[in-house]
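*Asks:* show me the folded form of this:
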Amino acid sequence: MAGSIQRCANAVREFPFYRLATSECVPLRRFSASRTIPSPIESSCMKKIMFWLAGFLSLTMLANGLFMLINPKDWYDIVPTVPQTGFFNQHFVRDIGIIYVLIGVGFFVGIVQPGRRIWLWFASTLWLAAHTLFHYWEALVGICSASALVTNAYGVTLPTAVGVAATALAWRVRWKESAAQAPRAAVGHT
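*Replies:* Residues are numbered from 1 along each chain as shown. Predicted structure coming up:
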């Protein structure tokens, strides 16, 4: 029991997102000073976390985008800080709704098509990050109050953080899997 706890603690130190699933993580086996080979369990830990994050983001972005497209006036009235940014504009709300639907689709496609995952998630997260920075800029120059950042945190900042985490995990998983393949290729294994 104590040995498995220590293995999990080592995995947590290796990558911070392991805190969510330490019971299934084990430390890396080393084959050289510069590379590591992930154990199958470790890779499955990262993948589970990555897929949960991406799935959450895909569903929430799709739901928000569809709501904006189907009922833009209700979306405008329900989201607390949106009326502070200006008058209702159905066309604008639907334009942004399309972007949210595309972000949700991008994360979904990345889940089912690993070869496209990193770039789809990166592009989607890039828009989310730009959107978040825009909100911070608005508060900085006085267009809206700083309290709007707190109110918007769950709908603006949180999706960006989740996108960054999922994209970073996707990159890490790909890097770990290619590192695991490198020694086999070097000795002639396929």
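*Asks:* helix or strand right after the helix or strand hosting Ile111?
*Replies:* Using DSSP states H and E, the element containing Ile111 is helix 90-112. Scanning forward in sequence from helix 90-112 by DSSP H and E, the next helix or strand is helix 114-141.
*Asks:* and that next one, what does it pack onto?
*Replies:* Contacts defined by 3 or more CB pairs under 8 Å, 6 or more residues apart in numbering; DSSP states H and E place helix 114-141 against helix 90-112, helix 147-152, helix 158-186. (Glycine included, C-beta is placed from N, CA and C.)
*Asks:* in TSV: these, plus mean pLDDT, mean neighbour count and distance to Leu59.
*Replies:* Putting the helices and strands packed on helix 114-141 into TSV (pLDDT from 0 to 100; neighbours: other CB atoms under 10 Å; distance: least, CB to CB, whole Å) gives the following:
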stretch	mean pLDDT	mean neighbour count	distance to Leu59
helix 90-112	97	18	7
helix 147-152	88	16	20
helix 158-186	83	18	11
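*Asks:* make TSV out of the ones you listed and add distance to Met46.
*Replies:* TSV is the format used below for the helices and strands packed on helix 114-141 (distance: least, CB to CB, whole Å):
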stretch	distance to Met46
helix 90-112	14
helix 147-152	30
helix 158-186	5
